[in-house]
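*Asks:* sequence first, predicted coordinates after that:
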Amino acid sequence: MKQTRFSMLGVLVLAGTCLSICVSGVSAQQFKSASGKVAGVVNDTTGTPQMGATVQLIAEGGISAVDFLTNTQGDFRSDKVLPGLYTVRVTLAGFLPTIEQHIRINPHVTTVVRVQLESMFASLDAMRRAPSATTIESDDFKWVLRSASATRPVLQWVEGDDASDDVASNSKVIDTHMAHPKARLDFTDGARRPGSPSGVPSAPATAFAYDQRLGNTARLLMAGQMNYMDDAPGGGIATIWLPTGSLSGPRSTMVLREAKLGPDGQTFRGVRMQQAGSIGMGDRLKMLYSGEYVMVGLDKSAMSVRPRLELDAKLSDSWRTAVIFAEEPGGMAPLDPEDHDASADLAAAVSELDSFPTLLWRGNSPVLEGGWHEEISATRKLGPHSDVQVAAFHDDNSNTAIYGRGGDLPASDYLQDYFSNAFAYDGGSMNSWGTRVAVREKLTDDVEVTAVYSYAGALSPDDAAVGALRDMLKTAMHSSAGGSVTAKIPRSGTKVVAGYNWVSGTAITRVDSYGASQYEMDPYLHIGIRQTLPRFGLGRWQAIADCDNILAQGYVTLNTTDGRTTLVPAFRTFRGGLSVQF
């Protein structure tokens, strides 16, 4: 009896030990699978790496800290960090302590932190040179003392009450997520895509955008537009939810648009929902994804699901490669934008209003422009400010949008624009392979040049064919070569984007439309101007002017059984107005 009791006790102890080991193993495995990584570099104001700097990674809401020391290259790294918000504090003899707050660590992703240390002497010199007439508020210059010693001293210097004003040269603003909302208003006239009710109408209109931070990191971008046509009112609204506060992170987008096509015309209604983001797969591999649902209608409705996947791999410090699978039309905006300031984010929100695919009409039923684009590319970094990309791609379009001008055309196939005699037409299918070479170089801080060459298929007129317009088109190979210059004049604040894209032969659709969108290479001669205006009491004012196909090149006139039409690969258009940002 006694032996049996000891045997049972041994079994219980053994079972408890095994259960403890299993639970510990599962917990360790969960921690390993859910942990993130953090890597960073510490430099001074001249860009020199700082060795021996003490870096503290502090979980926000806690008092524990993990210490690192930078190596000879100024780098630090940790491969096992629990996801969440962290504060990074850097100290080094001879420099001011620096803090970066609200650094979000995500699972399976390497978060990169770049810290710039300011010399004590530079900061004191900046304070010495501060204008004596300037009133320094108590909150503009202070030592922040907190209960936790790990997050104590930070010297902060801010000039001006506008969050967008330049701070003094010694500034290191601690909280980069201050909850100051941003707003923008655009007063414009004209459209860059006539012939489609999916686009913003060619009429005087007002657009707005609003950027509001929610909590420590999240942001909500909102945009809207309405025109002033009593006979054909229209408008739309767009919202972009950014949980991590950046367009390069996960984001959810919803766009609603409604417009009446003339006093007695139909009403266009559309909804577009998109979810996008990126997933890190180690230090050298990243997958970017996007999926959207689009539904539009003119009495009858048309809908589509449009995915996009992009797998980027960093082969070395100089070489990158990418594989892309996307729904056409593609390239509306990069999935992983890099250098976006507040003004660019507001402009991106406004551009979402014009992000619907082209609505076409075929056999008295609405259809959406669409197809598939597959691409593989390799990018070589030529220097600190230049790179070259070589790509091979395949386009398989099922409903190719064609634009033109003409009257008295069959309403069953031609969707007429109320504001002009332009129309949109379903040109049918197009299948082709192609290649692209693109070079970009930043010559100075204010001048950047881009050159792109493509050889791919496009729809062209078939001289031997007769009948309806769709039957008179064929896929033919064309060359396309273009270059553009982006320049900013420092004194006047003028920003100019000018370029020319040449196309061989007669093409009525764009050659390599995906690459042209990515590199903003519009057909033929195009110029865009942004002129900063003097402040009128409130906000920053800017004049806007966009001119496309200034020389009206590429127009083709055909006599079909439907009637006489002029096909236009790119309309000569002008869009101008004023923009003010608060």
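*Replies:* Cool, got the structure.
*Asks:* only C-alpha atoms from now on, for both contacts and neighbour counts.
*Replies:* Fine.
*Asks:* where does the prediction get shaky in the stretch 401-550 of the chain?
*Replies:* Within the stretch 401-550 of the chain, the ranges that satisfy pLDDT under 70 run 537.
*Asks:* and the closest residue to Met303 other than its chain neighbours, what does it touch?
*Replies:* Of all residues not flanking Met303 in the chain, Met295 sits nearest, at 4.1 Å (C-alpha to C-alpha, 6 or more residues apart in numbering). With contact taken as C-alpha atoms under 8 Å, 6 or more residues apart in numbering, Met295 is in contact with 270-272, 301-304.
*Asks:* does Gly515 belong to a helix, a strand or coil?
*Replies:* helix (DSSP: H, G, I helix; E, B strand; the rest coil).
*Asks:* over to Thr444?
*Replies:* Secondary structure, three-state DSSP: Thr444 is coil.
*Asks:* low-scoring pLDDT stretches of the stretch 101-250 of the chain, where are they?
*Replies:* Short version for the stretch 101-250 of the chain, where the test is pLDDT under 70: 120-180, 192-195, 200-201.
*Asks:* which stretches in it count as strands?
*Replies:* 110-117, 141-143, 155-157, 182-189, 205-214, 218-227, 234-242 (DSSP state E, counting those that start in this stretch).
*Asks:* out of these, which gets nearest to Arg540?
*Replies:* strand 182-189 (9.3 Å; C-alpha to C-alpha).
*Asks:* so what's Ala326 closest to, chain neighbours aside?
*Replies:* Distances taken as C-alpha to C-alpha, 6+ apart place Arg308 nearest to Ala326, at 4.2 Å, with adjacent residues excluded.
*Asks:* contact partners for the one you found?
*Replies:* Going by C-alpha under 8 Å, 6+ apart, Arg308 touches 289-291, 324-327.
*Asks:* and the lengthiest strand in the chain, which residues are buried?
*Replies:* Secondary structure of the chain read by DSSP state E shows that its longest strand is strand 473-489. By neighbour count with 16 or more other C-alpha atoms under 10 Å, strand 473-489 contains the buried residues 473-488.
*Asks:* residues contacting stretch 368-376, please?
*Replies:* 302-304, 321-330, 357-360, 391-401, 426, 514.
*Asks:* nearest to Asn421, of the strands of the stretch 101-250 of the chain?
*Replies:* Here strand 182-189 is closest among the strands of the stretch 101-250 of the chain (C-alpha to C-alpha), at 17.7 Å.
*Asks:* packing partners of the closest one?
*Replies:* Other helices and strands packing on strand 182-189, by 3 or more C-alpha pairs under 8 Å, 6 or more residues apart in numbering; DSSP states H and E, are strand 205-214, helix 342-351, strand 573-581.
*Asks:* can we see that at 10 Å?
*Replies:* strand 205-214, strand 218-227, helix 342-351, strand 540-548, strand 573-581 (3 or more C-alpha pairs under 10 Å, 6 or more residues apart in numbering; DSSP states H and E).
*Asks:* highest mean neighbour count out of these?
*Replies:* For those, the largest average neighbour count (mean count of other C-alpha atoms under 10 Å) is found in strand 218-227, namely a mean of 22.
*Asks:* tell me what that one is packed against?
*Replies:* strand 182-189, strand 205-214, strand 234-242, strand 251-260, helix 342-351.
*Asks:* can you pull out the strands in the stretch 401-550 of the chain?
*Replies:* 401-405, 414-416, 422-426, 430-442, 447-461, 473-489, 494-503, 524-532, 540-548.
*Asks:* dump these to TSV, plus distance to Leu346.
*Replies:* Converted to TSV, the strands of the stretch 401-550 of the chain look like this (distance: least, C-alpha to C-alpha, whole Å):
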stretch	distance to Leu346
strand 401-405	29
strand 414-416	32
strand 422-426	30
strand 430-442	24
strand 447-461	23
strand 473-489	20
strand 494-503	18
strand 524-532	15
strand 540-548	14
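*Asks:* and Phe95, which of those is closest to it?
*Replies:* strand 430-442 (32.2 Å).
*Asks:* now do Gly262, the pLDDT please.
*Replies:* pLDDT for Gly262: 78.
*Asks:* now Ala476: how far from Tyr453?
*Replies:* 17 Å (C-alpha to C-alpha, to the nearest Å).
*Asks:* how about Asp446, phi and psi?
*Replies:* phi -110, psi 0 (degrees, to the nearest 10).
*Asks:* returning to that earlier point: ok and the longest strand of the chain relative to strand 524-532, angle-wise?
*Replies:* 30 degrees (axes from the mean of the first three to the mean of the last three C-alpha atoms, to 10 degrees).
*Asks:* got the CA positions of strand 473-489 in CSV?
*Replies:* Output of strand 473-489 as CSV, limited to C-alpha atoms (Å, rounded to 0.1, in the frame of the first residue of the first chain):
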residue,chain,number,x,y,z
LEU,A,473,-7.5,47.8,-83.8
LYS,A,474,-4.5,45.4,-83.3
THR,A,475,-1.7,45.0,-80.9
ALA,A,476,1.7,46.2,-82.2
MET,A,477,5.1,46.7,-80.7
HIS,A,478,6.3,50.2,-80.1
SER,A,479,9.3,52.0,-78.6
SER,A,480,8.9,54.7,-76.0
ALA,A,481,11.7,57.0,-74.8
GLY,A,482,11.2,59.8,-72.3
GLY,A,483,13.0,62.0,-69.9
SER,A,484,11.8,64.4,-67.1
VAL,A,485,13.4,67.0,-64.8
THR,A,486,12.2,68.0,-61.4
ALA,A,487,13.7,71.2,-60.2
LYS,A,488,13.1,73.6,-57.3
ILE,A,489,14.2,77.2,-57.4
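*Asks:* packing partners for that strand?
*Replies:* strand 430-442, strand 447-461, strand 494-503, strand 524-532.
*Asks:* so what strands line up beside that strand?
*Replies:* Here strand 473-489 is paired, per DSSP bridges, with strand 447-461 (antiparallel), strand 494-503 (antiparallel).
*Asks:* what's the first-to-last distance across stretch 551-565?
*Replies:* Taking C-alpha to C-alpha as the criterion, the two ends of stretch 551-565 lie 20 Å apart.
*Asks:* mind starting the numbering at 576 from now?
*Replies:* Let's use 576 as the start, then, which means that last one is stretch 1126-1140.
*Asks:* report the buried residues of it.
*Replies:* Under 16+ other C-alpha under 10 Å, the buried positions of stretch 1126-1140 are 1128-1131, 1135, 1139-1140.
*Asks:* ok, the residues you listed vs Asp983, which is closest?
*Replies:* Arg1139 (8.9 Å).
*Asks:* wait, doesn't that closest one sit right on Gly982?
*Replies:* Yes: between Arg1139 and Gly982 there is a contact under C-alpha atoms under 10 Å: 8.0 Å.
*Asks:* give the full set of residues in contact with Trp894.
*Replies:* Residues near Trp894 by C-alpha atoms under 10 Å, 6 or more residues apart in numbering: 888, 953-957, 962-964.
*Asks:* closest one to Thr781 among the strands of the stretch 976-1125 of the chain?
*Replies:* Nearest of the strands of the stretch 976-1125 of the chain (C-alpha to C-alpha): strand 1115-1123, 13.3 Å.
*Asks:* other SSEs contacting the closest one?
*Replies:* When contacts are defined as 3+ C-alpha pairs under 10 Å, 6+ apart, strand 1115-1123 packs onto strand 757-764, strand 1069-1078, strand 1099-1107, strand 1148-1156.
*Asks:* would you mind writing the CA trace of stretch 1003-1023 as PDB?
*Replies:* What follows is stretch 1003-1023, C-alpha atoms only, in PDB (Å, rounded to 0.1, in the frame of the first residue of the first chain):
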ATOM      1  CA  GLY A1003     -11.100  44.900 -76.200                       C
ATOM      2  CA  SER A1004      -8.200  42.700 -75.300                       C
ATOM      3  CA  MET A1005      -4.500  43.300 -75.600                       C
ATOM      4  CA  ASN A1006      -1.600  40.900 -74.800                       C
ATOM      5  CA  SER A1007       2.100  41.700 -75.100                       C
ATOM      6  CA  TRP A1008       5.500  41.300 -73.600                       C
ATOM      7  CA  GLY A1009       7.800  44.200 -72.900                       C
ATOM      8  CA  THR A1010      11.000  45.500 -71.400                       C
ATOM      9  CA  ARG A1011      12.000  48.700 -69.600                       C
ATOM     10  CA  VAL A1012      15.200  50.500 -68.600                       C
ATOM     11  CA  ALA A1013      15.000  53.400 -66.300                       C
ATOM     12  CA  VAL A1014      17.700  55.700 -64.800                       C
ATOM     13  CA  ARG A1015      17.200  58.200 -62.000                       C
ATOM     14  CA  GLU A1016      19.700  60.600 -60.600                       C
ATOM     15  CA  LYS A1017      19.500  63.400 -58.000                       C
ATOM     16  CA  LEU A1018      22.000  65.900 -59.300                       C
ATOM     17  CA  THR A1019      21.600  68.300 -56.400                       C
ATOM     18  CA  ASP A1020      19.200  68.700 -53.500                       C
ATOM     19  CA  ASP A1021      16.900  70.700 -55.900                       C
ATOM     20  CA  VAL A1022      17.300  68.900 -59.200                       C
ATOM     21  CA  GLU A1023      16.500  65.300 -60.100                       C
END
